[in-house]
Structure formats: C-alpha cells, structure tokens
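K.L.:
sequence and predicted structure are below.
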Amino acid sequence: MEKIIKPKPFKQLRCSDNYMFAKVMEDEETCRKVLEVLLDIKIDRLTYPEPEKSLFTGPDAKGVRLDVHTSDDNRDFDIEIQTTVYSELRERSRYYQDIMDLDYLQKGHRYSELKDNIVIFICLDDLFKKGLPVYTFENICRENNSIKLQDRTMKVFYNCSKWKDIESKEKSELLKFLLTDKPETDLCKRLKEREAKIKMTAREYKEYMDYCDLVDSSYEQGKEENALAIAINMLKKNKLELQDIAEYTGLSPEKVNELAESVKCKT
C-alpha cells in the first residue's frame with residue numbers, strides 16, 4: 001500500500017511534487033512540450049490535460065487518481081511524478097493502463113478503437129537499481145524477442161538521478177531540473193514560471209488547502225488503522241498488559257479493551 005505523506009507548505013512546493021506538477025501541466029502547451037521531450041515524438045494538439053484525474057470502472061471498483069492524464073488523436077498519456085519510489089510502482093503501472101483502457105471502452109468504443117496507451121513514471125531515484133536513466137517496456141515474445149505483441153502499450157520509467165547519462169540535452173536538463181529545481185533551458189524556465197504564477201494565485205492556494213485537508217484526514221485515518229492492526233497483533237500474542245498496549249499504540253484503554261473482547265470472540 002502506498003505510504004501517505006503529509007503535504008508540504010504551499011510556498012515550498014516544487015515541480016517535483018505531484019500536486020504542483022499536475023497544476024503546472026494543466027497548460028496544454030507546457031504539457032505537450034514535456035511529452036515531446038520525454039518521448040522524442042511530435043504532438044500536434046493535446047486534449048485539455050486533466051490533473052489529478054480520478055477514474056472508476058464501477059461503483060465497487062478500486063478507483064485511481066492519475067497525476068496528469070491527456071491524449072491526442074491516437075495516443076492516451078498518463079504522466080506520474082514520484083518523489084519516493086514505492087514498492088508497488090510496477091503493479092500500479094499495469095493497473096493504470098488497464099483502467100485507462102476500460103474508461104475508454106466504457107464510453108462506447110470498440111477494442112479496435114483503443115488508442116496507444118503510454119504510462120510515464122518520472123522517478124527521482126532508480127526504481128530498478130540497474131543504473132539506467134530510462135527504462136522502457138513493451139510486450140514482446142519470450143521465445144523470439146524480435147516478435148512484438150503490438151498491443152500498443154508502453155511503460156516508461158525515468159530515473160532523474162542519472163540525468164547526466166541521457167544524450168538528449170533537453171531531456172537531460174528536464175530530469176536535472178526536476179531533481180535539483182534549477183532551470184536552465186527554456187522549457188524548464190517555463191515550468192518554473194508556471195509554478196511561480198500558481199503560487200501567487202489565491203484560488204490555487206485555497207484549492208491546495210482543501211487538498212491538504214483531505215490528505216491530512218487520510219493520514220490520520222492511516223495512523224489509526226496502523227495502530228489498530230498493531231494492537232490486534234499484540235493481543236493475539238497475549239504477552240503484554242492491556243495498559244501497555246494502549247500506551248504503545250496511542251489508543252485509548254477503552255478501545256484496547258474493546259479490541260481484546262473482539263479477539264477473544266474470534267479465538
């Protein structure tokens with residue numbers, strides 16, 4: 001499960017923070033230029049980039065919130081920024097592609113109409129620990145690597161810590177900027193200017209405060225759920241007094257007593 005991280009103060013946000021990254025990329029031209037640099041492609045026009053887009057495939061299905069979702073006529077893009085490398089990142093890339101396709105199909109499209117599906121993770125560190133600046137994955141035949149499945153899906157993981165090893169100066173400088181917050185190219189300066197403009201807007205500040213309230217609520221809920229799980233595990237081992245468990249977990253003695261009764265009933 002992804003660790004919930006408490007948000008930074010608004011003025012301390014950088015383009016490498018997912019909230020600010022999503023906001024900066026709301027601008028169609030900025031988003032288009034970033035995608036062109038990252039993927040070495042040309043894009044005529046993007047649909048309006050949707051920051052923090054939530055996708056659901058059904059009322060009881062697990063939803064997902066994409067940092068930046070956009071598309072052109074033939075391709076569907078998701079761009080994620082990761083300040084911390086999570087252990088579930090590989091699985092998330094798989095799920096994100098699946099749910100993007102499902103969202104498209106549920107709008108009445110046929111399988112043959114599916115767009116190329118490209119998920120990009122910009123990581124500040126090396127997820128795979130192999131020292132490469134970029135890892136690109138497509139489905140190929142294990143028995144004959146020259147045969148591609150041609151399902152038109154691609155996952156790309158960038159490792160900003162190896163920005164010096166990228167031949168393209170513009171791409172190298174983009175990763176360097178996200179790592180160091182020092183803009184040296186026109187594109188990076190554009191990103192920094194967008195960031196500064198957002199920080200000067202009262203409406204953006206209020207939106208971020210609302211976002212922080214939601215994250216703080218999830219953070220506190222996560223802490224309580226963790227404390228409950230620890231307490232239940234301690235009760236099952238039956239090696240500590242109830243008061244000691246309450247002091248260790250921060251739960252009230254009444255709550256620990258309630259959990260103890262529940263554990264008894266199940267044993």
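P.N.:
Ah, there it is.
K.L.:
so what's the gap between stretch 106-124 and the chain middle?
P.N.:
Remark: stretch 106-124 is offset 16 Å from the chain centroid, using Cα atoms, centre = their mean, to the nearest Å.
K.L.:
now it: average pLDDT?
P.N.:
Mean pLDDT, stretch 106-124: 94.
K.L.:
go on, stretch 130-149?
P.N.:
Averaged across stretch 130-149, pLDDT comes to 97.
K.L.:
in that stretch, what counts as buried?
P.N.:
133-135 (16 or more other Cβ atoms under 10 Å). Glycine gets a C-beta too; all of them are placed from N, C-alpha and C.
K.L.:
ok, so of those residues, who is nearest T180?
P.N.:
Distance to T180, by Cβ to Cβ, is smallest for P133 among the buried residues of stretch 130-149, at 15.0 Å.
K.L.:
would you agree W163 is in contact with V134?
P.N.:
No - if you go by Cβ atoms under 8 Å, W163 and V134 don't touch, sitting 10.2 Å apart.
K.L.:
residues near T201, how many?
P.N.:
11 (other Cβ atoms under 10 Å).
K.L.:
now the strands for this protein?
P.N.:
For the chain, the strands defined by DSSP state E cover 50-55, 64-71, 75-82, 116-123, 134-137, 153-159.
K.L.:
which strands and helices sit next to the third one?
P.N.:
The reference is to strand 75-82. helix 18-24, helix 28-39, strand 64-71, helix 89-105, strand 116-123 (3 or more Cβ pairs under 8 Å, 6 or more residues apart in numbering; DSSP states H and E).
K.L.:
direction included, what does that strand pair against?
P.N.:
Using DSSP bridges, strand 75-82 pairs in its sheet with strand 64-71 (antiparallel), strand 116-123 (parallel).
K.L.:
lowest average pLDDT across the helices and strands packed on strand 75-82?
P.N.:
The minimum mean pLDDT among those belongs to strand 64-71 (a mean of 82).
K.L.:
ok, and what's touching it?
P.N.:
The contact list for strand 64-71, computed with Cβ atoms under 8 Å, 6 or more residues apart in numbering, reads 18, 21-22, 25, 31, 35, 46-55, 76-81, 95-96, 99-100, 115.
K.L.:
which residues touch R152?
P.N.:
Contact analysis of R152 by Cβ under 8 Å, 6+ apart lists 114-117.
K.L.:
of all those residues, which comes closest to K42?
P.N.:
Using Cβ to Cβ, D116 comes nearest to K42 of the contacts of R152, at 14.1 Å.
K.L.:
you'd agree that closest one is up against D72?
P.N.:
No - shown here, D116 and D72 do not form a contact pair, counting by Cβ under 8 Å, at 9.4 Å.
K.L.:
among those two, which residue is more densely surrounded?
P.N.:
D72 (18 against 14).
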